[in-house]
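In: I'd like to go over a predicted model; first the sequence, then the structure.
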Amino acid sequence: MQKIEKIICAGCTLLCDDIEAEPHAGHWRFKNTCELGSQYFTQQSPPTQTHFVDDRVAAIDLAILAAAKIIKKAKSPLICGLDHLSTEAQQVSWKIADIAGATIDTTFTNRGRSSIFSLQKTGKVTATLGEIGSRSDLVVFWFCDPEATHPRLLQRLNQKGKDRSHRILVVGDKETATAKRADHFIQVSAENAPELLGRVRSQLELHTDSKKSAPDPDCSPVIETTASELLNELVNAKYGSMFFEQVTEDSRFDPAGDSISRLIRRLNDLTRFVGLKLRTDNNAQSAENVLAWSSGYPFAANHSLGHPRQHGLEFSAESMLQNQHCDAILFASRLSKSELVDQLPASARVHFESIPQIAFSTQAMTADVQFQMGLPGINEAGEYCRVDNISMPIRKIEPNDWIPPEVILEKILQNLLTLG
């Protein structure tokens with residue numbers, strides 16, 4: 001009889017490591033999963049791994065050679081979609097970009113990039129989930145709803161026992177599932193959120209200098225009162241933690257993230273405070289780490305001159321496609337092709353469809369060469385980055401003979417070297 005297995009769930013970036021998989025009637029039954037986890041583990045995977053060249057089933061060696069020839073022939077190849085790959089596969093992808101003089105990017109679109117620029121400009125004060133759960137007496141959720149995006153987060157932060165040791169404060173524009181569980185809910189519109197943050201920071205400066213805060217004539221009385229209420233909660237915490245999401249689509253400037261980072265840094269003059277962005281972008285955090293360590297840049301690195309370089313968003317996947325600056329693309333995706341291209345501007349979609357494509361995907365899609373990927377924790381293993389930037393080793397639940405993406409990419413790299 002097979003024993004109960006302890007596995008990691010990749011249903012969200014929380015990567016819960018206490019999931020129990022129990023064999024039952026030829027299938028697995030899972031315990032401790034949330035709704036997202038249950039949906040993740042019920043996904044259907046093909047019984048065998050299949051690869052395609054020109055939409056025809058092909059032997060793995062033939063597909064690898066075809067992919068290598070496409071990259072070798074291209075004058076400006078693009079590699080992207082690293083957020084759907086394991087850390088090991090991301091590392092090999094960078095080696096290919098280095099050898100082929102390619103441009104490499106973590107994701108397909110520029111959404112969410114402003115948080116990286118904010119980090120580079122202001123830095124961050126952060127901690128692991130374990131430290132936050134053990135030490136925080138105040139947990140603030142700023143315009144985010146972990147009950148929907150990371151359903152077990154509150155449970156993970158309160159593993160000591162049933163009696164919660166921290167106070168939960170939610171700030172947002174509507175009452176969410178998380179707000180209903182909070183000790184205090186502060187409601188403010190998304191339009192007024194930047195003004196509220198700015199006023200909290202202004203009041204904090206005066207509080208730090210032991211000066212009495214005078215009302216700002218340009219600030220509404222409601223915002224002034226709300227800012228005082230929020231500041232009182234923050235400064236009275238012995239160890240506070242703030243979770244937040246990016247609330248802007250601007251790819252160059254994230255006023256909320258920037259202001260929150262500055263607020264947290266200033267709060268550390270009075271107490272201990274940390275911040276953590278609740279990321280939902282698969283394994284993009286690992287991809288940023290890999291590229292930063294390998295090239296010095298966390299995204300959009302171009303190797304066409306024989307060394308890595310970056311110039312803002314000029315070499316991002318979206319910009320390269322939109323400006324028609326790439327003539328072949330190698331990408332990974334766990335989305336369907338229609339879901340993938342819908343993220344791109346119209347001009348980028350047209351160019352994407354016009355150039356040779358090498359796809360690593362879990363779903364069938366039209367491409368010059370397609371390699372079938374498995375699902376992490378189900379039929380694929382590898383290192384993945386948790387929301388707090390901790391690397392987690394995910395193993396597949398059942399042994400199989402599927403060839404992982406990092407092995408295929410390594411063979412493509414060897415073929416590139418052989419082709420000269």
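Out: Thanks, I have the structure now. These numbers were taken from a predicted model, which means no experiment stands behind them.

In: Please tell me how far T178 sits from I186.
Out: Per C-beta to C-beta, to the nearest Å, T178 is found 13 Å from I186. To be clear about C-beta, it is placed using only N, CA and C from the backbone, and glycine gets the same treatment.

In: which SS state does F371 fall under?
Out: Secondary structure, DSSP: H, G, I helix; E, B strand; the rest coil: F371 is strand.

In: Need the phi and psi values for the spatially most central residue of the chain.
Out: Nearest to the geometric centre of the chain sits D281, at 2.9 Å (C-alpha atoms, centre = their mean). Backbone torsions for D281, taken as degrees, to the nearest 10, come to phi -100, psi 50.

In: just to revisit the earlier point, so which of T178 and I186 has more stuff around it?
Out: Neighbour count, other C-beta atoms under 10 Å: between T178 and I186, T178 has more, with 23 against 18.

In: Model confidence for that one, exactly?
Out: Note for T178: predicted pLDDT of 96.

In: Provide the backbone phi and psi angles at it.
Out: The phi/psi pair for T178 (degrees, to the nearest 10) is phi -70, psi -40.

In: for E20, same thing?
Out: Dihedral angles (degrees, to the nearest 10) for E20: phi -100, psi 130.

In: what's the burial count for it?
Out: 14.

In: which residues are common contacts for T178 and I186?
Out: Shared contacts of T178 and I186, defined by C-beta atoms under 8 Å, 6 or more residues apart in numbering, comprise V170.

In: ok, the closest residue to E398 other than its chain neighbours - how many residues close by?
Out: Take E398 and drop its neighbours on the chain: the residue closest to it by C-beta to C-beta, 6 or more residues apart in numbering is N379, 7.1 Å away. For N379, the neighbour count with other C-beta under 10 Å is 21.

In: Okay, now the unreliable bits of the stretch 51-200 of the chain?
Out: 159-164 (pLDDT under 70).

In: Look at the residue nearest to E398 and report its pLDDT.
Out: N379 carries a pLDDT value of 87.

In: Likewise for T48?
Out: On the pLDDT scale, T48 is placed at 86.

In: Let's verify it: helix, strand, or coil?
Out: The three-state assignment at T48 reads coil, by three-state DSSP.

In: thought G123 was touching R262?
Out: No: taking contacts as C-beta atoms under 8 Å, G123 lies outside contact range of R262: 9.7 Å.

In: who's more crowded, the two?
Out: Higher neighbour count among G123 and R262: R262, with 18 against 12, using other C-beta under 10 Å.

In: Near the residue lying closest to the more buried one once chain neighbours are set aside, how many other residues are there?
Out: Nearest-residue entry for R262: T122, 5.8 Å, with adjacent residues in sequence omitted and distances by C-beta to C-beta, 6+ apart. Residue neighbour count, defined by other C-beta under 10 Å, stands at 16 for T122.

In: And T122, how close does it get to L62?
Out: 50 Å.

In: Helix or strand for P194, just tell me which one.
Out: Element membership for P194 (DSSP states H and E) is helix 193-208.

In: Can you pull the phi/psi pair for A127?
Out: phi -160, psi 170.

In: For it, the count of nearby residues, please.
Out: 19.

In: What is the burial count for the nearest residue to G11 once chain neighbours are set aside?
Out: Nearest non-adjacent residue to G11, counting by C-beta to C-beta, 6+ apart: Y40, 3.5 Å away. For Y40, the neighbour count with other C-beta under 10 Å is 19.

In: can you pull the contacts of Y40?
Out: Y40 neighbours (C-beta under 8 Å, 6+ apart): C9, A10, G11, T33, L375, G377.

In: same check, this time on T362
Out: If you count contacts by C-beta under 8 Å, 6+ apart, T362 has them with S45, S333, R334, Q372, M373, G374, L375.

In: same thing but 7 Å
Out: R334, M373, L375 (C-beta atoms under 7 Å, 6 or more residues apart in numbering).

In: all helices for the stretch 1-150 of the chain, in order.
Out: 35-41, 60-73, 87-100, 114-122, 129-135, 146-149 (DSSP state H, counting those that start in this stretch).

In: Nearest to N192, out of those?
Out: Nearest to N192, of all those, is helix 114-122, at 19.9 Å by C-beta to C-beta.

In: And the closest residue to T271 other than its chain neighbours, which helix or strand is it part of?
Out: Closest residue in space to T271, ignoring its immediate chain neighbours: A237 at 5.8 Å, by C-beta to C-beta, 6+ apart. Here A237, judged by DSSP H and E, is contained in no helix and no strand.

In: Stretch 148-158: which residues count as buried?
Out: Neighbour-count burial for stretch 148-158 flags T149, H150, P151, R152, L153, L154, R156, L157, N158 (criterion: 16 or more other C-beta atoms under 10 Å).

In: Against K396, how distant is the second one?
Out: Going back to what we said before, that points to H150. When distance is defined by C-beta to C-beta, H150 is 23 Å away from K396.

In: could you pull out the strands for the stretch 251-400 of the chain?
Out: Shown for the stretch 251-400 of the chain, the strands assigned by DSSP state E, counting those that start in this stretch span residues 272-277, 301-302, 328-333, 357-361, 369-372, 382-385, 391-394.

In: And these: which comes nearest E88?
Out: Between the strands of the stretch 251-400 of the chain, strand 382-385 lies closest to E88; by C-beta to C-beta that is 5.5 Å.
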